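**Student:** Turn this into a model:
(2 chains)
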Amino acid sequence: GAVVSQHPSWVICKSGTSVKIECRSLDFQATTMFWYRQFPKQSLMLMATSNEGSKATYEQGVEKDKFLINHASLTLSTLTVTSAHPEDSSFYICSATRTGSEQYFGPGTRLTVT
Amino acid sequence: KNEVEQSPQNLTAQEGEFITINCSYSVGISALHWLQQHPGGGIVSLFMLSSGKKKHGRLIATINIQEKHSSLHITASHPRDSAVYICAVRSFRGSQGNLIFGKGTKLSVKP
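**Tutor:** Okay, here's the model as predicted:
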């Protein structure tokens, strides 16, 4: 099946700093990428939908100025958590899809803000 | 009430047992996904189905659209099947990415 990678797999940062997470589709061109967040023992929640070359669409309650998404190419989307706070500590997962096909999930990035 | 309900929440089985995990949903859907999440967090998409039945190795997924119910079966279970299994639906009202996730079923298979 299609492969989606994320980098880094885990990151620890200090409160107030910014962290960038990359999501890459390795063997296909992804028309759309999605960013999810998962708190411990909770379900995944969609944060935003990202289409190449256009602005991301954020779900209600997700601050677009805090979670910056850049989808610069058909194989790369980045999520930047700006001015991170401990409450942003979570597991961030991306997925990618070609038009009409199923979603392929990345392995996730565990963010810990101290 | 959650729009996607899974049962059981936790399941412990002996190696070799036949396992069934259930998913019920209350919205109209265009597709249903079964996902596997390992302890490290990584997610693998097992199935995407909109009708009928799919089989891959020891895994079988079925869906009954009229009853709004899907099941994931694992035959001849093995300790490496231990993971959280998540049901997610794509509802008609959402974008493709707007999957609605169940809370997952934590499966432990003992040797």
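**Student:** count of neighbours near A:E59?
**Tutor:** If you count neighbours by other CB atoms under 10 Å in any protein chain shown, A:E59 ends up with 17. Just so you know, the C-beta spots here come from the backbone N, C-alpha and C atoms, and that holds for glycine as well.
**Student:** Skipping adjacent residues, who's closest to it in space?
**Tutor:** If the residues on either side of it in the chain are set aside, A:E59 comes closest to A:L46, at 5.3 Å by CB to CB, 6 or more residues apart in numbering or on different chains.
**Student:** surely that neighbour meets B:S91?
**Tutor:** No - counting by CB atoms under 8 Å, B:S91 is not a contact partner of A:L46; they are 11.9 Å apart.
**Student:** which of these two has more neighbours?
**Tutor:** A:L46 (21 against 18).
**Student:** Tell me the bridge partners for that one.
**Tutor:** A:Y36 (DSSP bridges).
**Student:** Quick one: residues in contact with the helix or strand bottoming out on mean pLDDT in chain A.
**Tutor:** Least confident element among the helices and strands of chain A, by mean pLDDT, DSSP states H and E: strand A:104-105 (a mean of 87). If you take CB atoms under 8 Å, 6 or more residues apart in numbering or on different chains as the criterion, strand A:104-105 is touched by A:1-4, A:25, A:93-97, B:35, B:42-45.
**Student:** count of residues packed around residue 2?
**Tutor:** All of this is about chain A. There are 17 residues near A:A2, going by other CB under 10 Å.
**Student:** that's the wrong chain, I meant chain B
**Tutor:** B:N2: 13 neighbours (other CB under 10 Å).
**Student:** do the same with B:K54
**Tutor:** 15.
**Student:** secondary structure class for it?
**Tutor:** Following DSSP: H, G, I helix; E, B strand; the rest coil, the label given to B:K54 is strand.
**Student:** Name the residues contacting each of A:L46 and B:S91.
**Tutor:** Common neighbours of A:L46 and B:S91, using CB under 8 Å, 6+ apart, are B:N98.
**Student:** quick revisit: can you tell me how far the residue nearest to A:E59 sits from A:I93?
**Tutor:** Distance from A:L46 to A:I93, counting by CB to CB, to the nearest Å: 10 Å.
**Student:** Would you mind listing the residues touching both of the two?
**Tutor:** With CB under 8 Å, 6+ apart, A:L46 and A:I93 have common neighbours A:35-36.
**Student:** quick revisit: list the contacts for the residue nearest to A:E59?
**Tutor:** A:L46 makes contact with A:34-36, A:59, B:97-99 under the criterion CB under 8 Å, 6+ apart.
**Student:** Pull up the residues of chain A that are close to chain B.
**Tutor:** Near chain B, the residues belonging to chain A are A:1, A:32, A:34, A:38, A:42-46, A:49, A:57, A:59, A:91, A:93, A:95, A:97, A:102-108, A:110 when assessed by CB under 8 Å from any CB of the partner chain.
**Student:** If any of those residues are buried, give me the PyMOL selection for them.
**Tutor:** Buried members of these, defined by 16 or more other CB atoms under 10 Å in any protein chain shown, are picked up in PyMOL with:
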select buried, chain A and resi 32+34+38+43+44+45+46+49+57+59+91+93+95+97+102+103+104+105+106+107+108+110
